[in-house]
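[1] Everything below, folded, please.
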Amino acid sequence: MICTEMRERLEIKNFQYHSSESSILSDKWHGKPYYSLNAYLKNTYGKRIKKISINGGFTCPNRDGTLDTRGCIFCSAGGSGDFAIPWTSMPGAGNAAPHFFDTSQQTCIPMKPESSIVHSVDKLDKVKKAKQNTDETIDPYIAYFQAYTCTYAPVPYLNRLYRHALDNPAVMGISIATRPDCLPEDVLSLLSRLKENYPGKFIWVELGLQTIHEQTARYIRRGYPSGCFSHGVKQLHQQNIPVIAHVILGLPGENKDMMLQTIDYINSLPVAGIKLQLLHVLKGTDLAKNYHTGEFSVLSMDDYLTILIACICRLSPDIVIHRLTGDGPKELLIAPLWSRDKKRVLNGLHKRMELENAYQGKNYKIQKGTISHEPRTPNPI
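    Reported below is the predicted structural model:
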């Protein structure tokens, strides 16, 4: 028996794209030809919810010597959290110096004042105080633990950190970026307890897949097989925790068909959301060294839009799209420079999708024996 969400997925294919109105006329998508995060949030909460990206002082097994010391080939010194605000104090720390977790010492140690993680204002605490001290409506937030691997620490540290965010009345929920090989049983148990303790708030986990092709995965130094990703997704799904998959488009050596195979793989799993990230070449990365030697070239805007539209059309229409291009820090971005103009990219995407009568799920096919008939999100993402 096909579940309700699966049935809805099939019905969406019957919607027609009205080029004169520049939108796919599904109320669920709010006029866009794909199921965006903003549309999901408006459908679920009746409003747009902002994100605060947070640097929780983590590291990564690809950096601390557990797997490697160099990190993934594309990852900046900021651990893919270059826009994340610092987490400047732990609960109960009062006026004490900020701390971060050091895996080599298995303890929390004071940060040096010049540390990039130190910041004079904890934005979440500021928002919390504002909400407590005024009758005005404060915009709700998602606390996004973004930088490095945000489950890679002892459970007591994670527990304090996540609860500090969830206790904030302005925070609707948390989103935790991590690796599928950093989800031990005690972390999964913690996430399950938090769901029980905060029934009015959501907990999402974002897992980096990037590609299903093992040769590419070795090149980017991902550090785990694709089977590890599917195992992590299924473990989280069993805990009713929605998963958002990260995929990079334009990785060296991959063509459009290979990228579509990654989309097919995502479709085969109970994944609730996806981030489609354009490959950025950033200063200080090993990827930048390879780019400067001419080992590979980056996608043109036209080629990227062609691949992106193909991926959107192939993607199951019940998967929420959280990102369509990504932002490279201007001071670090080497290529592609056209990606700096995000508005132009998105406008170009929408125009081409309208002209091509393209929409999410247009070329999606349920593959027998591949797609689970379970709902992707037992509780809404």
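[2] Can you tell me the SS state at residue 269?
    With DSSP: H, G, I helix; E, B strand; the rest coil as the basis, residue 269 sits in coil.
[3] so it sits right up against residue 233, yeah?
    Yes: using CB atoms under 8 Å, residue 269 is in contact with residue 233, at 4.9 Å. Heads up, the C-betas are built off the backbone N, CA and C, glycines and all.
[4] Find residues that contact each of these two.
    Contact criterion CB atoms under 8 Å, 6 or more residues apart in numbering; residues shared by residue 269 and residue 233: 243, 245.
[5] separation between the residue nearest to residue 149 when sequence neighbours are not counted and residue 271?
    Excluding its sequence neighbours, the residue lying closest to residue 149 (CB to CB, 6 or more residues apart in numbering) is residue 60, at 4.3 Å. Residue 60 sits 22 Å away from residue 271 when distances are taken as CB to CB, to the nearest Å.
[6] Please apply the same query to residue 143.
    Distance, residue 143 to residue 271, by CB to CB: 21 Å.
[7] where in the stretch 101-250 of the chain is pLDDT low?
    For the stretch 101-250 of the chain, the stretches flagged by pLDDT under 70 are 101-138.
[8] buried sites along stretch 289-297?
    Neighbour counts over stretch 289-297 (16 or more other CB atoms under 10 Å) mark 291, 296 as buried.
[9] ok, now which ones touch the nearest residue to residue 295 once chain neighbours are set aside?
    Excluding the flanking residues, the one nearest residue 295 by CB to CB, 6+ apart is residue 252, at 6.9 Å. Listed by CB under 8 Å, 6+ apart, the contact partners of residue 252 are 216, 219, 290, 295-296.
[10] Next, the residue nearest to residue 149: secondary structure please.
    What three-state DSSP gives for residue 60 is coil.
[11] which residues of the stretch 201-350 of the chain fall in strands?
    Under the criterion DSSP state E, counting those that start in this stretch, strands of the stretch 201-350 of the chain are mapped to 202-210, 243-249, 273-278, 281-282, 320-323, 333-335.
[12] Mind listing the strands the first one pairs with, and their directions?
    Partners of strand 202-210 in the sheet, by DSSP bridges, are strand 171-178 (parallel), strand 243-249 (parallel).
[13] between the ones you listed, which gets nearest to residue 153?
    Between residue 153 and those, the shortest separation by CB to CB is 10.4 Å, and it involves strand 171-178.
[14] Mind giving me the packing neighbours of whichever helix or strand comes after that closest one?
    On the C-terminal side of strand 171-178, the nearest following helix or strand under DSSP states H and E is helix 185-197. Judged by 3 or more CB pairs under 8 Å, 6 or more residues apart in numbering; DSSP states H and E, helix 185-197 is in contact with helix 155-166, strand 202-210, helix 226-238.
[15] If we go by neighbour counts, what in the last one is buried?
    Buried positions in helix 226-238, judged by neighbour count with 16+ other CB under 10 Å: 226, 228-230, 232-233, 235-237.
[16] got the angle between it and strand 202-210?
    Helix 226-238 runs at 170 degrees relative to strand 202-210, counting by axes from the mean of the first three to the mean of the last three CA atoms, to 10 degrees.
[17] For helix 226-238, list the C-alpha coordinates in CSV.
    Extracted in CSV, the C-alpha atoms of helix 226-238 (Å, rounded to 0.1, in the frame of the first residue of the first chain):
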residue,chain,number,x,y,z
SER,A,226,28.0,5.8,1.0
GLY,A,227,26.6,2.8,3.0
CYS,A,228,27.5,4.7,6.1
PHE,A,229,25.2,7.6,5.0
SER,A,230,22.2,5.3,4.3
HIS,A,231,22.7,3.6,7.7
GLY,A,232,22.8,7.0,9.4
VAL,A,233,19.6,8.1,7.6
LYS,A,234,17.8,5.0,8.6
GLN,A,235,18.9,5.2,12.3
LEU,A,236,17.6,8.8,12.5
HIS,A,237,14.4,7.9,10.7
GLN,A,238,13.7,5.3,13.3
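[18] Excluding its own residues, what touches it? List them.
    By CB under 8 Å, 6+ apart, the residues outside helix 226-238 that reach it are 180-181, 183, 188, 191, 205, 207, 209, 212, 214, 217, 242-243, 245, 265, 269-271, 374, 378.
[19] swap the cut-off to 6 Å and go again
    180-181, 183, 188, 205, 207, 209, 212, 243, 269-270 (CB atoms under 6 Å, 6 or more residues apart in numbering).
[20] and what of the second one?
    Residues from elsewhere that reach strand 202-210, judged by CB under 6 Å, 6+ apart: 173-177, 180, 191, 194-195, 229, 232, 236, 241-248.
[21] between that strand and helix 185-197, how many degrees?
    Counting by the same axes, to 10 degrees, strand 202-210 lies at 140 degrees to helix 185-197.
[22] Any idea how far strand 202-210 is from the middle of the chain?
    On the basis of CA atoms, centre = their mean, to the nearest Å, the separation between the geometric centre of strand 202-210 and that of its chain is 6 Å.
[23] Contact partners for residue 151?
    Taking CB under 6 Å, 6+ apart, we find residue 151 in contact with 178, 182, 187.
[24] Sweet, I'm off.
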